[in-house]
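Colleague: Fold the following and give me the result.
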Amino acid sequence: MRRLPVAACLAALAACAAPAHQAPPAAVPAHSPAPAPPPEEPGVPIAVTLPDITTYGLIRTDGGKMPAQVLALGQAADLLAGYDVVFLGEVHRHVGNQRAQMDLFREIHKRAPNVALSMEQFERDVQSVLDDYLAGKTGEVSLAEKGRAWQSYGTTYRPLVEYAKEHHLPVIAANAPEQVIRCVGREGLGFLTSMSPAARGWAAAEVHAGEGKYRDKFMGFAMGDAGHGGGKKGDAPSAQAIRGFEAQATRDDTMAESIFLHLQKNPGRKVVHLTGSFHSDDFLGTVERLQMRDPKLKIAVVSPTDYRTADNLTLKASDAAGGTMVLALRALPRLYVTADEMRAAMRGQSTNREKVNCKM
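Modeller: As a prediction, this is how the structure comes out:
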């Protein structure tokens, strides 16, 4: 069992595009094997069976504050419908994860009809494109092309957007544009001050990139060992890692601000937000930034954890602490078996990142 990997932004230190199911580490030394996994943390048995990658289980933990309680879908929806904002963390392109998101959103809507869907997978500057599609003014080709829908949209997020469209629910294009994130990753937060007034609104007015648990967590992946950044544990973060975290924080603050502004304009509405799990696990990232903007909000986090086996599952304390509820999934196939595979993929990503235009 393991917590699902860092969001795709860590592959490029927060500067990559629509991801595959998980990201490679930030860097791999030239002549070393892939790092050995850490020792397995003991866990408590849970009554969940996962026969294949389309199945899932829901376990209430309240951030590790209560004994694990396996819930049926309806019980989970009853609980989540009582929150103002629900973060549905995901491992991208995981069919079981997407199925759980659809099931939970549908059931939450039945219990809380005044709900909006918020998505990391659409960016602020295409909100009008998304709105036109929801209103029936344009077709899906326009949404895919002008809205820059992720390549996997047709097999992942289409059911959720179509459900929102059919039930006349708003969908929030919550994220900062990928181009902005790439440029912050290249130039740092100072890039935001160079943007034109019109473009500056595509990212959060305030970005929190200072010290804290989230920064420590990010740097642990980016700099913690040879497999995750080429440095030694305890080394000062590299300039690249710092810019990477600033790009990551730009994503998180923009998504948090997008949700906050929507709730301000629509008192009494609830929001369900879809996001890569690194942005919401441990109640950090976008979650803590939304809570900064409105401390009164009651926020739930559904945190995915994956398993290599179908049964005899256990839940680690560190996983239980990751969210209000744990989403148990079967693990996807490994993206890379060798360090050479990983390096080759990263070289291609690095080449693509150099093509970005940072004049806005």
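
Colleague: center of this protein - which residue?
Modeller: Gly276 (1.5 Å; CA atoms, centre = their mean).

Colleague: so what's that residue bridging to?
Modeller: On the basis of DSSP bridges, Gly276 is bridged to Glu90.

Colleague: in the stretch 1-150 of the chain, which ranges drop under the pLDDT threshold?
Modeller: For the stretch 1-150 of the chain, the stretches with pLDDT under 70 are 1-39.

Colleague: ok so, going back, my read is that the residue nearest to the centre of the chain contacts Leu88, right?
Modeller: No. Counting by CB atoms under 8 Å, Gly276 stays clear of Leu88, with 10.6 Å between them. (C-beta placed from N, C-alpha, C; glycine too.)

Colleague: got the CA coordinates for stretch 72-86 in PDB?
Modeller: Taking Å, rounded to 0.1, in the frame of the first residue of the first chain, the C-alpha atoms of stretch 72-86 are listed here in PDB:
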ATOM      1  CA  ALA A  72     -21.100   2.500   1.600                       C
ATOM      2  CA  LEU A  73     -21.500   5.100  -1.200                       C
ATOM      3  CA  GLY A  74     -24.700   6.500   0.300                       C
ATOM      4  CA  GLN A  75     -23.200   6.800   3.800                       C
ATOM      5  CA  ALA A  76     -20.200   8.600   2.300                       C
ATOM      6  CA  ALA A  77     -22.400  11.000   0.400                       C
ATOM      7  CA  ASP A  78     -24.500  11.700   3.500                       C
ATOM      8  CA  LEU A  79     -21.300  12.700   5.300                       C
ATOM      9  CA  LEU A  80     -19.800  14.800   2.500                       C
ATOM     10  CA  ALA A  81     -23.000  16.600   1.800                       C
ATOM     11  CA  GLY A  82     -22.700  18.300   5.200                       C
ATOM     12  CA  TYR A  83     -19.500  20.100   4.200                       C
ATOM     13  CA  ASP A  84     -19.300  23.500   2.400                       C
ATOM     14  CA  VAL A  85     -16.400  22.300   0.100                       C
ATOM     15  CA  VAL A  86     -15.400  18.700  -0.700                       C
END
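
Colleague: how much distance is there from it to the middle of the chain?
Modeller: Centre-to-centre, stretch 72-86 and its host chain are 19 Å apart (CA atoms, centre = their mean, to the nearest Å).

Colleague: what do you get for stretch 117-126?
Modeller: The answer for stretch 117-126 is 12 Å, by CA atoms, centre = their mean.

Colleague: outside of that stretch, which residues touch it?
Modeller: Contact partners of stretch 117-126, identified using CB atoms under 8 Å, 6 or more residues apart in numbering, comprise 18, 105, 130, 146-150, 153, 157, 160-161, 164, 169-178, 201-203, 251, 254-255, 258-259, 262, 271-276, 279.

Colleague: What about the residues you listed, which are in strands?
Modeller: Val171, Ile172, Ala173, Ala174, Asn175, Val271, Val272, His273, Leu274, Thr275, Gly276 (DSSP state E).

Colleague: Adding distance to Arg347 and pLDDT as columns, could you present those residues in a markdown table?
Modeller: Below are those laid out as a markdown table (distance: CB to CB, whole Å; pLDDT from 0 to 100):
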| residue | distance to Arg347 | pLDDT |
| --- | --- | --- |
| Val171 | 36 | 98 |
| Ile172 | 35 | 98 |
| Ala173 | 31 | 98 |
| Ala174 | 31 | 98 |
| Asn175 | 26 | 98 |
| Val271 | 39 | 98 |
| Val272 | 37 | 98 |
| His273 | 33 | 98 |
| Leu274 | 30 | 98 |
| Thr275 | 28 | 97 |
| Gly276 | 23 | 96 |
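
Colleague: re earlier: would you check how far apart the residue nearest to the centre of the chain and Tyr336 are?
Modeller: 19 Å (CB to CB, to the nearest Å).

Colleague: do the same with Glu107
Modeller: 36 Å.

Colleague: Ala203 now?
Modeller: For Ala203, the distance to Tyr336 - CB to CB - is 32 Å.

Colleague: Repeat that for Pro304.
Modeller: Taking CB to CB, one finds Pro304 at 20 Å from Tyr336.

Colleague: Also Val70?
Modeller: 33 Å.

Colleague: same question, Thr305
Modeller: Distance from Thr305 to Tyr336, by CB to CB: 21 Å.

Colleague: With neighbour numbers in mind, choose between those two.
Modeller: Thr305 (28 against 17; other CB atoms under 10 Å).

Colleague: is it true that that one touches Arg330?
Modeller: No. At 10.8 Å, Thr305 and Arg330 do not qualify as touching, with contact defined as CB under 8 Å.

Colleague: what ranges do the strands span in this protein?
Modeller: Under DSSP E, the chain gives strands at 2-3, 43-45, 56-60, 69-71, 85-90, 115-123, 171-175, 270-276, 299-307, 314-316, 325-330.
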